[in-house]
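Trainee: Take a look and give me a structure for this.
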Amino acid sequence: MRIVVHGQQAFGKAVLERLLELGEDVVAVCCAPTKEGKPEDPLVTLAKEKGLPVHQPGSWKTPEALELMKSFDADVCMMAYVLLFVPQEVRDAPRYGTFQYHPSLCPHHRGPSSINWPIAMGRTRTGLTIFWPDDGLDEGPIMLQKTCEIGPDDTLGDVYFGRLFPMGVDAMIEGLELVKAGILLKHDQRLDEGSYESWFKKDLAEIDWSKPVAEVYNLIRACNPAPGAWTEFNGTQVQIYDSARLEGQGTPGEIVSVSDDGVVVQANGGRILVKRLRPKGGDKQPAGAWFNG
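Mentor: Prediction:
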C-alpha cells in the first residue's frame, strides 16, 4: 500500500522506523513546521536520512494542503501524534482514509493530556485507541483498542515510555494490517459515557499538602516528568519528581525529616518522601542534598 506518515517527535519516528523495517511503501512524510531556533523534529531527520519526501505545511486547512495530500496518491494516511487540525477532505483524500493513535481508552480521557489525567485521578488501568478521526476532539469511530495497568507507583513516564509508546507502535502496525486485509472496523464512540480533559498545565500541578496523601501522590506521579508537580519552600518554587508514599500523621506541609533518602513532607493522612526535585532555575537533583545545601 502507498502510505503517508503524518506525525512528529519520537512516536512518529518510531512508527516510520517500523514501517521501513517491514518494507512498507511510505510515499510521503508530513510533520509540523520546524520552529525557529528549535532542533529539527526527529521524524523529519529520519525521513531525510532515508530519502523520503518531507512536507511541513503550517496549516492543513488550505486548498494547497488538500492538493498536496491528493498528490501522494496514497492508499492510507497514518497519524502518529498530530496536533495540527486536519479537515475531513484532507483526511479522506487517501483511498481508505486516515487512522490515528490516541493514548487513552476513548471515549474516556479524550484530549491532549490523556495520560496525565487517569493517573492523577487514581485510575488503575488505561490504554490506547486506534481510530478514524473526525472533526471532533478524538471523537471518530474506533478501529481497535489495547489496555494496560497503571501500577500504584507508576509515573507518567512509566506508563507512556514503558507501555503506551511501544504498544502504540505495535497497534499502528496492526491497524495497517487490518486495512491491508480490507477489514475496516469502525465502532462509534459513546461520547456521553466518556470524558474530555484539556491540557494538564502548570497551574493544575501545584501541590496542596492539605489534601489526602493519595491525591497528592497521584498528582506527583501524573506530572513526572511533565509538567512537574510543584510547591514552594521559603519562597523558592520547587518541582517534585521521584517520590514515595509513607505512613505517618502530622501537620500538612510540615517538613518531617531530611536524610540521604530525601525530604519527608507531611500531607493529610500520610507523608511523601521527595527523592528528586528541581528548584526554579536549577537542575534536577537529589532532594536531601538540595535541602541541606
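Trainee: Dump stretch 49-62 to CSV, keeping only the CA atoms.
Mentor: This file holds the C-alpha atoms of stretch 49-62, laid out as CSV (Å, rounded to 0.1, in the frame of the first residue of the first chain):
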residue,chain,number,x,y,z
GLU,A,49,18.1,10.2,6.0
LYS,A,50,16.0,7.6,4.2
GLY,A,51,15.5,9.8,1.2
LEU,A,52,11.7,10.2,1.7
PRO,A,53,9.9,13.4,0.6
VAL,A,54,9.1,15.6,3.7
HIS,A,55,6.3,18.1,3.8
GLN,A,56,5.7,20.6,6.7
PRO,A,57,2.7,22.8,5.9
GLY,A,58,1.8,25.4,8.6
SER,A,59,-1.9,24.6,8.1
TRP,A,60,-4.0,21.7,6.6
LYS,A,61,-7.0,24.0,6.1
THR,A,62,-5.9,25.4,2.7
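Trainee: Name the residues that touch stretch 163-177?
Mentor: By Cβ atoms under 8 Å, 6 or more residues apart in numbering, the list of residues contacting stretch 163-177 from outside reads 1, 3, 10-11, 14-15, 18-19, 22, 24, 76, 78, 80, 99, 101, 103, 115, 126-128, 130, 143-144, 146, 148-149. Placement of C-beta: from N, CA and C, glycine included.
Trainee: Which ones among the residues you listed map onto helices?
Mentor: In helices, judged by DSSP state H, the following of the contacts of stretch 163-177 are found: 10-11, 14-15, 18-19.
Trainee: which of those residues has the most neighbours?
Mentor: With neighbours set by other Cβ atoms under 10 Å, the maximum within the ones in helices among the contacts of stretch 163-177 is found at residue 15, which has 25 neighbours.
Trainee: If you drop the residues flanking it in sequence, what lies closest to that residue?
Mentor: Nearest-residue entry for residue 15: residue 80, 4.1 Å, with adjacent residues in sequence omitted and distances by Cβ to Cβ, 6 or more residues apart in numbering.
Trainee: State the distance from residue 265 to residue 167.
Mentor: For residue 265, the distance to residue 167 (Cβ to Cβ, to the nearest Å) stands at 34 Å.
Trainee: same question, residue 51
Mentor: Noted for residue 51: a distance of 30 Å to residue 167, by Cβ to Cβ.
Trainee: The two: which has the busier surroundings?
Mentor: Neighbours per residue (other Cβ under 10 Å) separate residue 51 from residue 167, with residue 167 holding more: 17 against 6.
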